[in-house]
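Asks: Give the three-dimensional model of this entry:
(one chain, ligands or ions: 1)
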Amino acid sequence: MNKYPKSLENLIEAFSYLPSVGRKTAERYALYTFMRMEDYQITDFSNALLSLKKDIHICPSCGNISEEDLCKVCQDNTRNHRLILVVESIKDLYTIEALNSYKGIYHVLGGAISFSKGITTDNLNIESLEEKVKNGLVDEIILATNATIEGETTSRYIRELLKGYDVKITRIAHGLPVGGDISYLDEMTILKAMEGRREY
Ligand SMILES: [Zn+2]
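Replies: You can find the predicted model right below:
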């Protein structure tokens, strides 16, 4: 007997759609759902899933998620709309928003150029960024892609793409983490920290 009843198998398969969830974890989640969750929790869970695609869409201006036409950041007139922070993912945007100190707007690429994953510039939200720059709507672009090979490649691509335009392009500094001990850091972090050095 290696199969659960059909309804449970369906749920196991559904949980398996999630990244990093294999068969064993999916089984545990499905059994937990059946044995431990209250009826109202299961209803909340399924309603939340169903309303996700219905109520949320991608902001056409920046690539953030939104329940309205434009996202809350793009609608906010107190922010500097001529300063654009470029991030790889919506999660990165939320991480920076949580700091409550950045007052420009964002541009979400939806990933980074990756030869191994077959992600090219065609798969990323770059065209609309160039369009904004081309139309003279931007003073400064801050490249905040990850400090990985993919993130660096993507930032370099955008820098080259926008080189001919009248826009300031900066890259966030990567360096030693607070409390970081140099002897434990990887080569990339140390090199980046040296590159990002400032007058002291
Ligand atoms: Zn937006």
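
Asks: right, and residue 111 touches residue 124 too?
Replies: Yes: contact criterion Cβ atoms under 8 Å: residue 111 and residue 124 qualify, at 5.8 Å. Just so you know, the C-beta spots here come from the backbone N, C-alpha and C atoms, and that holds for glycine as well.

Asks: Of these two, which one has the most company?
Replies: For residue 111 and residue 124, the more surrounded residue by other Cβ atoms under 10 Å is residue 124, and the numbers stand at 20 against 16.

Asks: elements contacting the lengthiest strand in the chain?
Replies: Determined from DSSP state E, the single longest strand within the chain is strand 80-87. In terms of contacts (3 or more Cβ pairs under 8 Å, 6 or more residues apart in numbering; DSSP states H and E), strand 80-87 is packed against helix 90-97, strand 104-108, helix 127-134, strand 140-143.

Asks: Would you mind telling me which of these is nearest residue 79?
Replies: Checking the helices and strands packed on strand 80-87 against residue 79 by Cβ to Cβ gives strand 104-108 as the closest, at 5.8 Å.

Asks: thinking again about what came up before, if you count neighbours, what's buried in the longest strand of the chain?
Replies: For strand 80-87, burial by neighbour count (16 or more other Cβ atoms under 10 Å) applies to 81, 83, 84, 85, 86, 87.

Asks: So in that sheet, which strands flank it, and in what orientation?
Replies: If you go by DSSP bridges, strand 80-87 pairs up with strand 104-108 (parallel), strand 140-143 (parallel).

Asks: For residue 197, which of those strands is the nearest?
Replies: Of all the strands paired with strand 80-87, strand 140-143 comes closest under Cβ to Cβ, at 18.3 Å.

Asks: now what about that closest one, what contacts it?
Replies: Residues outside strand 140-143 that contact it (Cβ atoms under 8 Å, 6 or more residues apart in numbering): 82-86, 104, 107, 129, 133, 155, 158-159, 162, 167-172.

Asks: pLDDT on the very next helix or strand once past it, on average?
Replies: Using DSSP states H and E, the helix or strand that follows strand 140-143 in sequence is helix 149-161. The pLDDT scores in helix 149-161 average 94.

Asks: just checking, what packs against helix 149-161?
Replies: So helix 149-161, by 3+ Cβ pairs under 8 Å, 6+ apart, packs with strand 140-143, strand 168-171.

Asks: Quick one, which of the ones you listed gets closest to the ion.
Replies: The ion sits nearest to strand 140-143 of all those, at 15.6 Å, using Cβ to the ion.

Asks: Perfect, that will be all.
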